[in-house]
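> Need a 3D model of the sequence below.
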Amino acid sequence: MPSRRKYFGILALLLAVPFLVTSAWAAQPQRGGGRRGPMSPDDRLKQMTKNFDLTADQQAKIKPILVDSQKQMQDLRNDTSVDRQDRRAKMMKIMMDTNTQVRAQLDDKQKEKFDKLQQERMQRMQNRRSGGMGAPGGGNPDGTPPPPPQN
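The predicted model follows:
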């Protein structure tokens, strides 16, 4: 009988381990604050206010720019008639237009910091593309297609 009791004890332990691991994993905080997807205009404005020490007047001028940008991006995401490459190009244009409009609301010191942060963001994006992951879509960082698989 002791072997049967031992067997059931081990079986119970084996069945409990996945539940314990899952609950411990779920209790840990998510990386990056647990956010997925784009920030809301309010969150972006808060971040910009923190980064650039925006005045109330600047915040009032920048918020409609961010709201409009979000609406344009959402409309573009929902438009199924646009192919992936065109959608990406249009999103890049929206982002560039938004940055131009926001930058116009900043003073010289804030513009300097804004430009520096933009440059750092672009550098991170380039590093991700060439950091062994390849370019989006499975190509190489230089835009050439990947070699065919060897059988």
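> Poorly predicted segments of the chain, please.
1-2, 7-36, 132-151 (pLDDT under 70).
> Now do the helices in it.
2-27, 41-52, 56-78, 84-103, 108-128 (DSSP state H).
> Switch the ones you listed over to CSV; also include mean neighbour count.
Just so you know, the C-beta spots here come from the backbone N, C-alpha and C atoms, and that holds for glycine as well. Listed next are the helices of the chain as CSV, based on neighbours: other C-beta atoms under 10 Å:
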stretch, mean neighbour count
helix 2-27, 9
helix 41-52, 15
helix 56-78, 15
helix 84-103, 14
helix 108-128, 12
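> got a list of contacts for stretch 88-100?
Ile65, Leu66, Ser69, Gln72, Met73, Leu76, Val82, Gln118 (C-beta atoms under 8 Å, 6 or more residues apart in numbering).
> separation between the last one and Asp42?
In this view, Gln118 and Asp42 are 21 Å apart by C-beta to C-beta, to the nearest Å.
> same thing with the second one?
From Leu66 across to Asp42, the span is 8 Å (C-beta to C-beta).
> Same check on the fifth one?
As for Met73, its distance to Asp42 is 15 Å (criterion: C-beta to C-beta).
> swap in the first one?
Using C-beta to C-beta, one gets 13 Å for the distance from Ile65 to Asp42.
> again, but for Leu54
Distance, Leu54 to Asp42, using C-beta to C-beta: 13 Å.
> Quickly list what's touching both of these two.
If you check Leu54 and Asp42 against C-beta under 8 Å, 6+ apart, no residue is contacted by both.
> residue contacts, the spatially closest residue to Arg77 that is not a sequence neighbour?
Closest residue to Arg77 apart from its sequence neighbours, by C-beta to C-beta, 6 or more residues apart in numbering: Arg87 at 7.7 Å. For Arg87, the contacting residues are Leu76, Arg77, Asp79, by C-beta under 8 Å, 6+ apart.
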